[in-house]
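Visitor: Requesting a structural model of the entry that follows:
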Amino acid sequence: MKTFQYLRPASLAEALDLLARHGPAARLVAGGTDVMVDFKKNGLEADILVSLRRLTDLRYIREGNGQVHIGGLTTLRDLERSSLVARRIPGLADAARVMASVQIRNVATVAGNICNAAPSADTAPPLLAAGTQVRLVSPAGSRDIPLDQFFTGPRKTIRRPDEILTEFVVPIPSGPYSQAFWKHARRKAMDLAMVSVAVHLELEDDLVTCRQARIAHGVAAPTPIRTPEAEERLKGKKITPELLEGIGEASCEETLCRDSIRGQAWYREEIIRVMVRRMALRALERCRMGRPA
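Guide: Sure thing, here's the model as predicted:
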């Protein structure tokens with residue numbers, strides 16, 4: 001493994017200054033669980049590593065102004081243990097519980113998982129389904145981007161080299177809603193997903209009619225994606241098992257599943273057909289149980 005310079009800024013301003021000064025030669029490191037693997041196995045080239053570990057003010061989960069705010073340096077273990085995430089973004093809590101190992105979750109960050117932009121990023125589908133926006137900060141200022149516009153290809157995003165993802169902003173719907181997430185892998189032990197499914201449902205007061213829906217998949221396509229046409233077919237309809245059968249099929253067709261070393265397209269299609277229906281029913285059940293209120 002090549003040698004590199006390791007810098008530890010004490011503030012966001014200092015980190016941004018280092019990125020501006022060193023340009024493409026610098027690479028950000030948060031938890032390091034992806035970057036160090038890239039160095040050892042994937043030939044990642046960088047002369048300078050800029051560690052964000054000392055930026056503790058970017059590690060938080062809080063609610064305010066009808067939104068949940070999650071700092072970029074929040075760890076996966078923080079997500080897993082947060083009662084606020086369990087109550088307000090239950091699909092994200094589902095994902096955090098099945099990611100990697102406890103040791104990795106203790107250091108890996110949500111911004112790192114998203115910025116690495118692997119198709120298998122487990123936090124991506126539930127955050128997409130929740131309608132999340134990300135905040136990118138550079139020396140020139142900040143910009144807020146819908147997460148469904150963030151990924152541009154496998155391990156590629158719209159984040160510029162001089163930008164740091166500082167925050168995730170998740171809207172809290174005004175009426176009844178809930179979410180659910182499922183990760184399908186070859187084994188229950190630590191493993192990357194073969195395909196993953198997240199469903200977000202917002203209901204009318206009758207707890208039967210869908211007011212809003214979002215469906216997201218991981219691994220099935222080159223990037224984590226939503227299936228908006230399938231979502232539209234749910235809006236304004238009374239949710240029934242028969243309707244959800246068709247939604248699962250529509251979401252599968254819209255995804256255009258791919259073959260990869262981890263699984264074939266036809267198998268991913270079968271999982272999506274089944275799991276979209278099951279996750280929608282789980283979200284519906286959670287909503288009726290009052291999680292979240």
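Visitor: Could you list the low-pLDDT ranges of this protein?
Guide: Residue ranges of the chain with pLDDT under 70: 1-2, 36-44, 189, 291-293.
Visitor: quick one, longest helix in it?
Guide: If you go by DSSP state H, the chain has its longest helix at helix 265-289.
Visitor: For the protein, which segments are assigned as helices?
Guide: Under the criterion DSSP H, the chain contains helices at 12-22, 35-41, 76-81, 83-88, 90-97, 102-105, 110-116, 124-129, 228-234, 241-255, 265-289.
Visitor: Of all the residues in the third one, which ones are buried?
Guide: Think helix 76-81. Across helix 76-81, burial judged by 16 or more other Cβ atoms under 10 Å covers 76, 77, 78, 79, 80. The C-beta positions use only the backbone N, C-alpha and C, and glycine is treated the same way.
Visitor: If we only consider those residues, which is nearest to residue 220?
Guide: Lowest distance from residue 220 to these (Cβ to Cβ) belongs to residue 76, with 21.9 Å.
Visitor: In contact with the residue found closest to the closest one once you drop the neighbours it is linked to in the chain, which residues?
Guide: Excluding its sequence neighbours, the residue lying closest to residue 76 (Cβ to Cβ, 6 or more residues apart in numbering) is residue 105, at 4.0 Å. When contacts are counted by Cβ atoms under 8 Å, 6 or more residues apart in numbering, residue 105 touches 75, 76, 77, 80, 96, 99.
Visitor: related to what we said a few turns ago, quick check: which of the helices of the chain is nearest to residue 195?
Guide: Of all the helices of the chain, it is helix 265-289 that lies closest to residue 195, at 4.5 Å by Cβ to Cβ.
Visitor: chain center to that closest one, what's the gap?
Guide: Centroid separation for helix 265-289 versus its chain: 17 Å, with Cα atoms, centre = their mean, to the nearest Å.
Visitor: tell me what that helix is packed against?
Guide: Helix 265-289 sits against strand 177-184, strand 195-203, strand 210-218, helix 241-255, with contacts defined as 3 or more Cβ pairs under 8 Å, 6 or more residues apart in numbering; DSSP states H and E.
Visitor: Make a markdown table out of these and add mean neighbour count.
Guide: Shown next, in a markdown table, are those (neighbours: other Cβ atoms under 10 Å):
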| stretch | mean neighbour count |
| --- | --- |
| strand 177-184 | 24 |
| strand 195-203 | 28 |
| strand 210-218 | 25 |
| helix 241-255 | 18 |
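Visitor: Residue 4: which of the ones you listed is closest?
Guide: Nearest to residue 4, of all those, is strand 210-218, at 30.4 Å by Cβ to Cβ.
Visitor: Just checking: what are the partner strands of the closest one?
Guide: strand 195-203 (antiparallel), strand 225-226 (antiparallel) (DSSP bridges).
Visitor: Can I get that strand as CSV, trimmed to CA atoms?
Guide: Included here for strand 210-218 are C-alpha records, laid out as CSV according to Å, rounded to 0.1, in the frame of the first residue of the first chain:
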residue,chain,number,x,y,z
CYS,A,210,-52.4,6.1,0.1
ARG,A,211,-51.6,9.8,0.1
GLN,A,212,-48.0,9.5,-0.9
ALA,A,213,-45.6,6.7,-1.6
ARG,A,214,-41.9,6.3,-2.4
ILE,A,215,-40.2,3.0,-3.4
ALA,A,216,-36.4,2.6,-3.6
HIS,A,217,-34.0,-0.2,-4.5
GLY,A,218,-30.3,-0.9,-3.9
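Visitor: So what angle separates the directions of it and helix 90-97?
Guide: Orientation check (axes from the mean of the first three to the mean of the last three Cα atoms, to 10 degrees): strand 210-218 against helix 90-97 gives 20 degrees.
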